[in-house]
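>>> here are the coordinates; sequence isn't available:
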């Protein structure tokens, strides 16, 4: 007998499940924060524990198989990527500076190569090459939110290194998404039996064309649209319009054959404060401030769901744990060396450790990879997915610890 059948109202089981998820996610996140760890680590652990509980007691709900959590978790990903896009603007991307650009490029190329090589050496020889590429792509991600919090706590947000980290992370987001799109295109080409080169070129051209068109047309049209919307007499106009715009671009991105998160991220980049200043002034809140509560509500469900999709039996296999440890080490070293791209007079260790955490961005990549299939078989096996998530979790913990240590021990530049 399933958990839902114990209830008379068909909706009651879903409501109870959501209550369980939100409350347990907050408790898990709070415990992690008290241990000086990012909240996402506790939320992932909660998901893993809920799956283990379901397997030992079948009456307990299967979180990973619930359509409600799948839907809300998917919305959480889109809203989260929209919020990541809102944290930066196109002019900010163009003004990152040479130092940030060098750090970003090294921080993509080196982890990508290291992850690819590590996967090629550690995975069975029969594994497809696109899987090695995808694992390398997961190591490209950077979670600026985690490092930014440490920088704020240490009073280093306005330091030269802090600005380089933020600028490099912005570029990393775009480059990482392009790498993910490229790998997805390779999987599609391999599954369809087509020529890899032309299909890859087509996919990349489509991605770049979509981003260019969205950013160009968006910057031309959104100021006029939101200026018109500022004449609306109803209250609370900004958030519905902003979310509607994000979901529209996410849908268009999917229609173009790209991941929905690409469109959501582009929407965040397009909506610059100058375009919506009238509405923000009237509602006394920025769009970023209005979206933040949605992120705090939906993103924990996504992280719990990601943890719930990890097979506990697969994660705790010695081979999987070893794979996760090696990937984490490669991920830390790959981002750490990027700090030396900052140039002279820059504390390379600060920049390097600031680029290490993968956090939510890496998990979004894994979620996208979990949707990929090669010849009808999921690209990510249970062991590989568990190993990647384990590695991302380790880098998410190691990054803030290392950054906090070097900020305390190294003098300001």
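Everything's here; your move. Treat the numbers as computed from the prediction; the structure is a model and nothing was measured.
>>> all strands of the chain, in order?
Taking DSSP state E as the test, the strands found in the chain are 373-374, 377-378.
>>> Pick the most buried one from those strands.
Each of the strands of the chain was given a mean neighbour count from mean count of other Cβ atoms under 10 Å, and the largest, a mean of 14, is that of strand 373-374. Bear in mind the C-beta positions are built from the backbone N, C-alpha and C, glycine included.
>>> Parallel or antiparallel, list what pairs with it.
strand 377-378 (antiparallel) (DSSP bridges).
>>> ok now the partner strand, how far from the chain's centre?
Mean-position distance between strand 377-378 and its chain equals 22 Å (Cα atoms, centre = their mean, to the nearest Å).
>>> and if you look at stretch 61-75?
Average the C-alpha atoms of stretch 61-75, do the same for its chain, and the two points are 18 Å apart (Cα atoms, centre = their mean).
>>> List the residues that contact residue 337.
Each residue near residue 337 by Cβ atoms under 8 Å, 6 or more residues apart in numbering is listed here: 106, 110, 352.
>>> Oh, that last question was meant for residue 340, not what I typed.
Residues near residue 340 by Cβ under 8 Å, 6+ apart: 106, 348, 352.
>>> Could you dump the strands of the chain into JSON lines with mean pLDDT and distance to residue 309 added?
Converted to JSON lines, the strands of the chain look like this (pLDDT from 0 to 100; distance: least, Cβ to Cβ, whole Å):
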{"stretch": "strand 373-374", "mean pLDDT": "80", "distance to residue 309": "16"}
{"stretch": "strand 377-378", "mean pLDDT": "84", "distance to residue 309": "11"}
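>>> how about those strands in JSON lines, adding distance to residue 55?
Output for the strands of the chain, formatted as JSON lines (distance: least, Cβ to Cβ, whole Å):
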{"stretch": "strand 373-374", "distance to residue 55": "25"}
{"stretch": "strand 377-378", "distance to residue 55": "20"}
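>>> Which one of the contacts of residue 340 is nearest to residue 146?
Ranked by distance to residue 146 (Cβ to Cβ), these are led by residue 352 at 14.6 Å.
>>> how far away is the closest one from residue 340?
When distance is defined by Cβ to Cβ, to the nearest Å, residue 352 is 7 Å away from residue 340.
>>> picking up where we left off before, looking at the strands of the chain, spot the one closest to residue 366.
Once those are compared by Cβ to Cβ, strand 377-378 is nearest, at 12.2 Å.
>>> Quick one: residues contacting residue 54.
Residues near residue 54 by Cβ under 8 Å, 6+ apart: 60-63.
>>> Most neighbours of all the residues you listed, which one?
Of the contacts of residue 54, residue 63 is surrounded by the most neighbours, 26 neighbours in total, counting by other Cβ atoms under 10 Å.
>>> still on that earlier bit, so which of the strands of the chain is nearest residue 315?
Counting by Cβ to Cβ, residue 315 lies closest to strand 377-378 out of those; the figure is 16.5 Å.
>>> which non-adjacent residue is nearest residue 338?
The spatially closest residue to residue 338, leaving aside those adjacent along the chain, is residue 107, at 3.6 Å (Cβ to Cβ, 6 or more residues apart in numbering).
>>> Likewise for residue 290?
According to Cβ to Cβ, 6+ apart, the nearest residue to residue 290 is residue 239 (4.4 Å).
>>> Contacts only, for that neighbour.
The contact partners of residue 239, by Cβ under 8 Å, 6+ apart, come to 287, 290-291.
>>> What distance do you get for it to residue 320?
The spacing between residue 239 and residue 320, counted by Cβ to Cβ, is 42 Å.
>>> can you check residue 61 too?
Where residue 320 is concerned, residue 61 sits at a distance of 26 Å (Cβ to Cβ).
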